[in-house]
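> Predicted coordinates and the sequence they were generated for:
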Amino acid sequence: MILAAAGIVGPILFTVAFIVQGLFRPTYSHMAEPVSALAAGPNGWVQDVNFLVFGPLMIAYAVGLHMGLGPTRFGLFGPALLLLSGVGLILAGVFPARDDSGAFSVGPGHLVAVFMSFVGAGAGLIVISRRMAHDPRWRSVATAALASGIAIIVLFLGTGRLAVADDAPLHQWAGLLQRVTVAVWFTCTIVLALRLLRVQRATEGNDAGIAR
């Protein structure tokens, strides 16, 4: 149950942390700036820690999903991609989006971390949804996982194309677009974690019944 709880607590804790940080930064804009920009400026270390805590929780959740799903021939690939996303979150904390002066700057390390985090999450959900479709306990959420994975990748790539560059047409909405992507990702994560919790409880109940 701890692994399932990681998938519930992780997204909520991360979201509360970056929202509160933004409230204490008068010059920060949730609409225009990405979450990573919180690592620059005063108390930027708080966002570093936020990433470093969130990453292991998502890795634990990925392991829990793998253990809670029925095995399939290539079943390891989906959880592996979700685990890769968790590693990306850790790297986002190790390589924060700031330069030596403390100003916001996305270096190669952070860029790779962001790509791993979002694409790993999206692709992981797409792949693992096929495994869910073969497991009666998970079949009802398989389509939601598939749709969420596709949406995450489309939104992530679309944001990169249309909002990241200073002269991009949607640059002033870059933060909002990222948060929409995060909302899809985190909502799906919590839904699947709740299902995992239910599956784990049912399994423990069945084991207890057999033991009697």
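Sure, I can see it. Numbering: from 1, shown residues only.
> Which elements pack onto the lengthiest helix in the chain?
As assigned by DSSP state H, the longest helix anywhere in the chain is helix 174-211. Helix 174-211 is packed against helix 2-23, helix 45-68, helix 108-133, helix 139-162, with contacts defined by 3 or more C-beta pairs under 8 Å, 6 or more residues apart in numbering; DSSP states H and E. C-beta: built from backbone N, CA, C; applies to glycine.
> roughly how far out does that helix sit from the chain middle?
Centre-to-centre, helix 174-211 and its host chain are 12 Å apart (C-alpha atoms, centre = their mean, to the nearest Å).
> Dump the helices and strands packed on helix 174-211 to JSON lines, plus mean pLDDT and mean neighbour count.
Shown next, in JSON lines, are the helices and strands packed on helix 174-211 (pLDDT from 0 to 100; neighbours: other C-beta atoms under 10 Å):
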{"stretch": "helix 2-23", "mean pLDDT": "96", "mean neighbour count": "18"}
{"stretch": "helix 45-68", "mean pLDDT": "97", "mean neighbour count": "21"}
{"stretch": "helix 108-133", "mean pLDDT": "97", "mean neighbour count": "21"}
{"stretch": "helix 139-162", "mean pLDDT": "97", "mean neighbour count": "18"}
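> can you put these in a markdown table and add distance to Leu91?
Listed next are those as a markdown table, based on distance: least, C-beta to C-beta, whole Å:
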| stretch | distance to Leu91 |
| --- | --- |
| helix 2-23 | 15 |
| helix 45-68 | 8 |
| helix 108-133 | 4 |
| helix 139-162 | 16 |
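> To Ala39, which of these lies closest?
Proximity to Ala39 (C-beta to C-beta) singles out helix 45-68 among these, at 4.3 Å.
> And the longest helix of the chain, what's buried?
Neighbour-count burial for helix 174-211, with 16 or more other C-beta atoms under 10 Å as criterion, is recorded at 174-179, 181-182, 184-186, 188-193, 195-197, 199-200.
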